[in-house]
Structures are given as C-alpha cells and as structure tokens.
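A.B. asks: the following comprises the amino acid sequence and a computationally predicted model.
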Amino acid sequence: MSVVIRPAGEADIEAAARLLHDHMNAKIPPERWRLLLDYPWRPAGVERGWLVEDRGVVVGFMATIYSDRDIAGRRHRFCDLSSWYLLADYRGGGTGDTLLQAGMAKPDVTYHTMTARRATGRKIRALGFDILDDTRSLFRPLAEPRAAPLPCVRDLAAIDSRLTPPQREIFARHAGFDLHQAIVGGVWLVWQRKLKGNAIAYHEVLHASDPAFLSANAQAIADTIVSGERGVLAVDSRWMTAGDDPGTIERIVLPRWFRSPDLERRDVDHLYSEVILLDQKLP
C-alpha cells in the first residue's frame, strides 16, 4: 500500500461520491453524495473534505461541510463532519484516525457531528469533543389546547419578508431542500418532518431564532404546527430552559457532538449540515 491523505478538490467530487455510494450506503444516490463536496453555502477556499488515496485510487473519505454564520452579530465558521469511511483493507493501521484528525485540525472552527456512530464518538471525545446533546423534549399536540393558538405564518414569501438580513441569507442557502418553516408567535422556526419508530411524525427543530421563546412555548408551538397527524414536536435539550415544561424526555440514540473555541451548546443548530444535504433523519 502507498497511502496518501490529502484535501479533496473539485476534480475529486465524482470519485468520492462513487466510493460513498458503492461502499457506504447505496440507498443514497450519487447525486446526493456529491452535495457533500459541492453544497450551496460552501465558503470560498475551503477543502471539499479529505481523501485517502492508494496509487491514485480513492479508498477513504471524510466530508467537511463548512458554513459561515452570524452569531450575536459576529461571524463564526462552522464545520459539520460527515461520512467518515475507509475501505476494510485499510482499517486498523491508524489511517482512519489520521483521516479523522485531518478533518478537524483548524483551531478557530466550531466542529460538530450529528450522526456519529458510537465508535466515532469515543474517538472524537479523545480529540476534545463534548456531547452537544443526548436527550430531547417531545411535545404531542393536545386535543384541548391550554391556550389560544399562536399566530403562524407559513407562506415562504411572507416569511422571507419578515427576516433580518442574516436570517435571509440562511433562508436563501437552504432553498430547495426538504425543510419546513414558519414564523410562530414572532419566532422563526425551521424543522424537519420525518417518520420514526411506529410511524410517528417527528417535527424536529433544526433552528429557532429565539430558543428561549421556543422553550417557554413548546407545547403551544406543538399545538400549532403538529396537527392532523400522529406526531410530536422534538426539541434538543440544549434549547430548553430550566423551569419550563420539559415535555417527555427522550434519550437520543446516537449523541450529537461538538468542539468550539468560543461558542456555547445552544449556539449550534442543525442547519448547514449533512442531514439536510443527504435528506437524512436525525438519530
């Protein structure tokens, strides 16, 4: 073997997508895998992931999905780590660990991963990562709501017109993906609706412009947007405020992880991530 680990560039998109489709998950079509290397919010100048090559053949890959976001008026760079994969013949000798470390080497970046397997979690904990969340709050709509319905704007053009410039940038970057959004009680929410378990429709919050309002009004929000079906509003615990109704606490099967030089847990959401690009369920 003559293994080289290097940043992926534009010329590597097809080879990396083919590796992931053929060996990691054939249910995800190659065009979806390509999005991990060529996504609409990619900042200029960043690598498109990291490759492992053996004599010019791609035998491993890890996606690094970067985004620049406005947090409390300051610009921060994030990176979602995704799709860490190495062909079986190349495992066990340290190549996979070197690949993983290459993808998270920038000290000024907030790294996170929402779909890491248990073995990956153990490895990244040793590299300074902490659990972002391992529980969430579930709220089922009530047959007889306790309060009057919250005002709710669902029309996309009307939502866009009410957003701030940084929010409008987020809105535009995520256009065309399978996401749901509304302005509920004056707060902008973006969520994903996926069936889980016994065909329960999880309305999983990906972003809230005001997490404190979301926490204080989670039941009323569930009554407003989870209607006419067997479903729940799902809110990661880091967005819930102590003293508010916690709903039903559910353990997250695969914890979410993060490492940041300057941000708090509640600053990290699920936008700009692999779950959107690959149209996956959050664990």
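C.D. replies: Cool, the structure landed.
A.B. asks: just the helices in the stretch 1-150 of the chain please.
C.D. replies: Secondary structure of the stretch 1-150 of the chain (DSSP state H, counting those that start in this stretch): helices at 13-19, 30-34, 95-102, 118-125.
A.B. asks: quick one: secondary structure of Asp160?
C.D. replies: Reduced to three states with DSSP: H, G, I helix; E, B strand; the rest coil, the structure at Asp160 is helix.
A.B. asks: just checking, it touches Glu169?
C.D. replies: No: using Cβ atoms under 8 Å, Asp160 is not in contact with Glu169, being 11.0 Å away. Quick note: C-beta positions are derived from backbone N, CA and C, even for glycine.
A.B. asks: could I get the helices of the stretch 1-150 of the chain in TSV, plus columns for mean neighbour count, mean pLDDT and distance to Phe177?
C.D. replies: Converted to TSV, those look like this (neighbours: other Cβ atoms under 10 Å; pLDDT from 0 to 100; distance: least, Cβ to Cβ, whole Å):
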stretch	mean neighbour count	mean pLDDT	distance to Phe177
helix 13-19	19	98	18
helix 30-34	17	97	11
helix 95-102	17	95	27
helix 118-125	15	91	25
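A.B. asks: now these as a markdown table including distance to Gly186?
C.D. replies: Output for the helices of the stretch 1-150 of the chain, formatted as a markdown table (distance: least, Cβ to Cβ, whole Å):
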| stretch | distance to Gly186 |
| --- | --- |
| helix 13-19 | 41 |
| helix 30-34 | 35 |
| helix 95-102 | 42 |
| helix 118-125 | 37 |
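A.B. asks: how about those, which one is nearest Tyr85?
C.D. replies: helix 13-19 (7.0 Å; Cβ to Cβ).
A.B. asks: neighbouring contacts of that closest one?
C.D. replies: 8, 30-31, 33-34, 36-38, 48-49, 51, 58-61, 85, 87 (Cβ atoms under 8 Å, 6 or more residues apart in numbering).
A.B. asks: kindly recompute the last result at 7 Å.
C.D. replies: 8, 30, 33-34, 37-38, 48-49, 51, 58, 61 (Cβ atoms under 7 Å, 6 or more residues apart in numbering).
A.B. asks: and Lys194, bridged to which residues?
C.D. replies: Lys194 has the following beta-bridge partners by DSSP bridges: Tyr202.
A.B. asks: tell me who's in contact with it.
C.D. replies: 202, 204, 281.
A.B. asks: one more pass at 10 Å, please.
C.D. replies: 178, 200-204, 234, 275, 279-282 (Cβ atoms under 10 Å, 6 or more residues apart in numbering).
A.B. asks: so which of those is the most crowded?
C.D. replies: Within the contacts of Lys194, neighbour counts (other Cβ atoms under 10 Å) peak at Ala234, which reaches 25 neighbours.
A.B. asks: that one belongs to a helix?
C.D. replies: No: Ala234 sits outside any helix when classified using three-state DSSP, being strand.
A.B. asks: quick one: closest of the helices of the stretch 1-150 of the chain to Ile183.
C.D. replies: Counting by Cβ to Cβ, Ile183 lies closest to helix 30-34 out of these; the figure is 29.5 Å.
A.B. asks: which secondary structure elements does that closest one contact?
C.D. replies: With contacts defined as 3 or more Cβ pairs under 10 Å, 6 or more residues apart in numbering; DSSP states H and E, the packing partners of helix 30-34 are helix 13-19, helix 274-277.
A.B. asks: quick revisit: out of the helices of the stretch 1-150 of the chain, which gets nearest to His112?
C.D. replies: For the helices of the stretch 1-150 of the chain, the distance to His112 is smallest for helix 118-125, at 10.1 Å, taking Cβ to Cβ.
A.B. asks: starting at the chain centroid, how far to that closest one?
C.D. replies: Relative to the mean C-alpha coordinate of its chain, helix 118-125 is positioned 17 Å out (Cα atoms, centre = their mean, to the nearest Å).
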